[in-house]
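**Student:** Only the shape, not the letters, is given here:
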């Protein structure tokens, strides 16, 4: 059976209560059906004149902004001639004026399946605003691109809460955007009027490539489903002076820096098991971002078995190996990072200061993993309450 997204199901049979409602839509270019038609056009055809406003997450309505803390402006949509409100501009929290034109906010955004991906927190702020201003939220569900059965990493601690982590969920959370909406709304007492349109034909073992759906990059540096698969680990490099491959055609699949001695780092990694992947030594020259126009020595991650591959542990081990051999050159990135001007970016990304300290002390990554297993197991049990799919 082919997968139908929440958008597909909504267009096929809109709920009766939506007739006559003034609608808003939180979306970006990834909000398409399998024929590449955008949600705003589909909704406007099905419910003529009801769509009154659009809302854009980080990277902008056209997903054109390349990096963190690059804001987008409000605008008028050239297709429907309605306002587009930026939720990554002067504010990341919808205000009363933004929600004034609508009765119901429809959410159709493609998540990455990773705690630090900001789209899910934009949604959470919208849930809070909807509750505050008396609006309803309808989430059109989409696949978790890195499947819904594998959960990995430590849960966020309160001390590391930020726009790249608002709630105590693990790095790889294993939920769809609709399931996350239910969890956020109920467990963290948002209590807005929420409804989810589930998918049909999706199961928890599916990676995005199993769905038959077209992949539209939800942000500029997630160009392919393979990028999303390595992202839960490789995003950690954003908190270091090692390039995460931004400014190349293979962001996050590549990582490196001019000072890295590939032979030494490879020798450490060969002693450790990195299941489901091969780290191929390579060199690359970013055109922008860290080490722009400078030759970097590093690795490309090639996934050989996605069900064995642990992206978070793989990158933690790689970071530790690089830092072990290059203590004189390796550095943690200094603030700011995602509008946090005092706290260490790596702490915000990892979500736990103690784990960064244990990395610095070269503790075994496998032992560090054991220390968070209890919290992870508790999250897995909690999250099952919100599963919409077997």
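**Tutor:** In hand now; what should we look at? Bear in mind that the values here come from a model prediction, so they are computed numbers and not experimental data.

**Student:** Every contact and neighbour count from this point should use C-alpha atoms.
**Tutor:** Fine.

**Student:** And residue 299, which helix or strand is it part of?
**Tutor:** strand 296-303 (DSSP states H and E).

**Student:** Now find how far off-centre the helix or strand that that strand is followed by is within its chain.
**Tutor:** Note on strand 296-303: by DSSP H and E, the next helix or strand toward the C-terminus is helix 311-325. Distance, stretch centre to chain centre, for helix 311-325: 21 Å (C-alpha atoms, centre = their mean, to the nearest Å).

**Student:** Pull out the buried residues from helix 311-325.
**Tutor:** Buried residues in helix 311-325, counting neighbours by 16 or more other C-alpha atoms under 10 Å, are found at 311-324.

**Student:** out of the residues you listed, who's nearest residue 299?
**Tutor:** residue 318 (9.7 Å; C-alpha to C-alpha).

**Student:** thought that closest one was touching residue 269?
**Tutor:** Yes. Look at residue 318 against residue 269 with C-alpha atoms under 8 Å: they come within range, at 7.2 Å.

**Student:** got the residue ranges for the strands in the chain?
**Tutor:** Assigned by DSSP state E, the strands in the chain fall at 23-26, 51-56, 75-76, 83-86, 104-107, 136-140, 152-155, 170-172, 193-197, 254-257, 277-284, 296-303.

**Student:** Turn those strands into JSON lines, including mean pLDDT and distance to residue 384.
**Tutor:** Shown next, in JSON lines, are those (pLDDT from 0 to 100; distance: least, C-alpha to C-alpha, whole Å):
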{"stretch": "strand 23-26", "mean pLDDT": "98", "distance to residue 384": "26"}
{"stretch": "strand 51-56", "mean pLDDT": "98", "distance to residue 384": "30"}
{"stretch": "strand 75-76", "mean pLDDT": "98", "distance to residue 384": "40"}
{"stretch": "strand 83-86", "mean pLDDT": "98", "distance to residue 384": "33"}
{"stretch": "strand 104-107", "mean pLDDT": "98", "distance to residue 384": "22"}
{"stretch": "strand 136-140", "mean pLDDT": "98", "distance to residue 384": "19"}
{"stretch": "strand 152-155", "mean pLDDT": "98", "distance to residue 384": "15"}
{"stretch": "strand 170-172", "mean pLDDT": "98", "distance to residue 384": "14"}
{"stretch": "strand 193-197", "mean pLDDT": "98", "distance to residue 384": "16"}
{"stretch": "strand 254-257", "mean pLDDT": "98", "distance to residue 384": "34"}
{"stretch": "strand 277-284", "mean pLDDT": "97", "distance to residue 384": "29"}
{"stretch": "strand 296-303", "mean pLDDT": "98", "distance to residue 384": "28"}
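
**Student:** circling back: direction included, what does the strand holding residue 299 pair up with?
**Tutor:** Applying DSSP bridges, strand 296-303 is found paired with strand 254-257 (antiparallel), strand 277-284 (antiparallel).

**Student:** most packed of those?
**Tutor:** Among these, the stretch with the highest mean neighbour count (mean count of other C-alpha atoms under 10 Å) is strand 254-257, at a mean of 27.

**Student:** Quick one: residues in contact with that one.
**Tutor:** Outside strand 254-257, the residues within contact range by C-alpha atoms under 8 Å, 6 or more residues apart in numbering are 234, 237, 241-245, 283-284, 291, 295-301.

**Student:** just stretch 35-52 next, same as before
**Tutor:** In contact with stretch 35-52 (C-alpha under 8 Å, 6+ apart) are residues 7, 11, 19-25, 29-33, 82-83, 101-102, 108, 214.

**Student:** Which helix or strand in this protein has the lowest average pLDDT?
**Tutor:** Within the chain, no helix or strand scores below helix 262-270, which has a mean of 92 by mean pLDDT, DSSP states H and E.

**Student:** Just the buried residues of that one, please?
**Tutor:** For helix 262-270, by 16+ other C-alpha under 10 Å, it's 262, 265-266, 268-269.

**Student:** What are the neighbouring residues in contact with residue 6?
**Tutor:** Contact analysis of residue 6 by C-alpha under 8 Å, 6+ apart lists 139-142, 197-200.

**Student:** give me that answer again for 6 Å
**Tutor:** By C-alpha atoms under 6 Å, 6 or more residues apart in numbering, the contact list for residue 6 reads 140-141, 197-199.

**Student:** Dump these into JSON lines; add neighbour count as well.
**Tutor:** As requested, the contacts of residue 6 are exported to JSON lines (neighbours: other C-alpha atoms under 10 Å):
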{"residue": "140", "neighbour count": "24"}
{"residue": "141", "neighbour count": "30"}
{"residue": "197", "neighbour count": "20"}
{"residue": "198", "neighbour count": "25"}
{"residue": "199", "neighbour count": "23"}
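
**Student:** Could you tell me how far residue 299 is located from residue 178?
**Tutor:** To residue 178, residue 299 is 35 Å away according to C-alpha to C-alpha, to the nearest Å.

**Student:** ok, these two, which is more surrounded?
**Tutor:** Taking other C-alpha atoms under 10 Å, residue 299 and residue 178 do not tie; residue 178 has more neighbours (31 against 22).

**Student:** Check the gap between the nearest residue to the more buried one once chain neighbours are set aside and residue 373 for me.
**Tutor:** Of all residues not flanking residue 178 in the chain, residue 141 sits nearest, at 5.0 Å (C-alpha to C-alpha, 6 or more residues apart in numbering). Applying C-alpha to C-alpha, the value for residue 141 to residue 373 is 29 Å.
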